[in-house]
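Here is my input; please provide its structure:
(one chain, ligands or ions: 1)
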Amino acid sequence: MRTPQLADTAETGAVGLENVIEVGGLRQKYGDFEAVRGVSFTVARGEVFALLGTNGAGKTTTMEVLEGFTPATQGTVRVLGLDPVRQRRGLRPRIGIMLQEGGFFGDLTVAETVELWKGLSEDAGRPVTLSGTEVPGRLSLTGWTKGINGATMGALELVGLENKARTRVKQLSGGQKRRLDLALAVLSAPELLFLDEPTTGMDPEARRTTWRVIEDLRERGTTVLLTTHYLEEAERLASRLAIMHEGRIHTYGTVDEVVSGSGDIVSFRLGGASRSYDELPFLDGAAPTLTYTGEGTEVVYTLTDGQAHVRAHAALSPLLAWADGRGEVLERLTVRRGTLEDAFMRVVGETA
Ligand SMILES: Nc1ncnc2c1ncn2[C@@H]1O[C@H](COP(=O)(O)OP(=O)(O)OP(=O)(O)O)[C@@H](O)[C@H]1O
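Numbering: from 1, shown residues only. The predicted structure is shown next:
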């Protein structure tokens, strides 16, 4: 992790690789409201980059600018070397988009929806060349359902919807609609895939199926920009990630860099009456955070050098001396490495 707060022109970048996405100082306004406030990052070819963040952080807005739906209010944006708005026609056939809320015709069946989408993709300038070898994932392309094109069945098998081919879209569950969205997004084997909260509403099994699809795509060299609220999803899929809050990127880097930036967490509980903050010692310069509960006081320290879990005795010695001197019991004393969730909560806490 390079810096906790990026300047408008700073970049997150993987050095030496071809950048498929380049965003510099992006600002995006809705009327007077600035939803994105100077965001810069790059996504290298073949990587999965995750945009994490709080609700309303500006993730979807950023995606929509990159997808060419709306011009940037300010800043530079290049996608596959192109201006996504001015050169949308050239870009569109090379990208796949899974919107946060896909719009379907409810009366069409699942298979008809895929057929319609293929037709639209062809109209966009590139014949869809879906075949057994070109579809990402492990497909059998059985095409067993009479009258349904093998490629269509292949796309549905990819996301586990082959048994729903003849079901009307309006009869699908929310998670099944997300899977159909994903099938459409990967239909033309895009170079670059935008996935906006791809697994929201999916059950754990469907989520894992989707992760495997994304991992297959990654192995085949597809570049993926994804937004998610599931930290586990980002940890599993992303080579790099950024955490956004209130229109800005606050933290970015590889998962390891971001996690190590969240330091080590020391926690314990003091029983009895509530305590005051100034009773407790600092640890490695860190002040404690106290939360009063009915059962006692929960105390948490965040040690930023990230080594406390390795040399716990040294890190804890001022605390142990304090407890011994006062006859205090440190209930459930734990020292652990910070997690992505800790990094996320720190971003939110720092700016609260
Ligand atoms: N069309 C719009 N008109 C006005 N404000 C908008 C519009 N779309 C989004 N916003 C506002 O812009 C901000 C960023 O929204 P955005 O959808 O980009 O956030 P997000 O990070 O994707 O959030 P979430 O995780 O909740 O989906 C929010 O405050 C939202 O209310």
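
Restrict stretch 64-80 to CA atoms and write it as CSV.
Extracted in CSV, the C-alpha atoms of stretch 64-80 (Å, rounded to 0.1, in the frame of the first residue of the first chain):
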residue,chain,number,x,y,z
GLU,A,64,-20.4,3.7,-15.9
VAL,A,65,-17.9,6.3,-17.1
LEU,A,66,-15.5,3.5,-18.1
GLU,A,67,-18.3,1.6,-19.9
GLY,A,68,-19.0,4.7,-22.0
PHE,A,69,-22.5,5.4,-20.7
THR,A,70,-21.7,8.9,-19.6
PRO,A,71,-18.8,11.3,-20.3
ALA,A,72,-16.5,12.2,-17.4
THR,A,73,-17.2,15.6,-15.9
GLN,A,74,-13.4,16.0,-15.5
GLY,A,75,-10.3,13.9,-15.8
THR,A,76,-8.9,11.4,-18.3
VAL,A,77,-10.3,7.9,-19.0
ARG,A,78,-8.9,5.4,-21.5
VAL,A,79,-10.3,1.9,-22.0
LEU,A,80,-8.4,-0.5,-24.3
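
May I see the buried residues of it?
For stretch 64-80, the neighbour count (16 or more other Cβ atoms under 10 Å) marks 64-68, 72, 75, 77-80 as buried. Just so you know, the C-beta spots here come from the backbone N, C-alpha and C atoms, and that holds for glycine as well.

any idea which of these is closest to the ligand?
E64 (7.6 Å; Cβ to the nearest ligand atom).

can you tell me how far the nearest residue to that closest one once chain neighbours are set aside sits from the ligand?
Residue nearest to E64 in three dimensions, not counting chain neighbours: T70, with 5.5 Å by Cβ to Cβ, 6 or more residues apart in numbering. In this structure, T70 and the ligand are 9 Å apart, going by Cβ to the nearest ligand atom, to the nearest Å.

need the contact list for T70.
Going by Cβ atoms under 8 Å, 6 or more residues apart in numbering, T70 touches 28, 64, 85.

which among the buried residues of stretch 64-80 are in contact with the ligand?
Among those, no residue lies close to the ligand (Cβ under 6 Å from any ligand atom).

And these, which two are furthest apart?
Greatest spatial distance in the buried residues of stretch 64-80: G75 and L80, 17.7 Å, computed using Cβ to Cβ.

didn't E233 look like it was pressed against T200?
No: the pair E233 and T200 fails to qualify as a contact (Cβ atoms under 8 Å) at a distance of 10.0 Å.

hmm, stretch 197-208 touching the ligand?
No: Stretch 197-208 stays clear of the ligand (Cβ under 6 Å from any ligand atom), getting no nearer than 6.7 Å.

in that stretch, what counts as buried?
Buried, per 16+ other Cβ under 10 Å, within stretch 197-208: 197-200, 202, 206-207.

okay if I get those as JSON lines plus pLDDT, distance to G221 and secondary structure?
Formatted as JSON lines, these follow (pLDDT from 0 to 100; distance: Cβ to Cβ, whole Å; DSSP: H, G, I helix; E, B strand; the rest coil):
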{"residue": "E197", "pLDDT": "92", "distance to G221": "24", "secondary structure": "coil"}
{"residue": "P198", "pLDDT": "91", "distance to G221": "19", "secondary structure": "coil"}
{"residue": "T199", "pLDDT": "91", "distance to G221": "22", "secondary structure": "coil"}
{"residue": "T200", "pLDDT": "87", "distance to G221": "26", "secondary structure": "coil"}
{"residue": "M202", "pLDDT": "85", "distance to G221": "25", "secondary structure": "coil"}
{"residue": "A206", "pLDDT": "86", "distance to G221": "25", "secondary structure": "helix"}
{"residue": "R207", "pLDDT": "91", "distance to G221": "23", "secondary structure": "helix"}
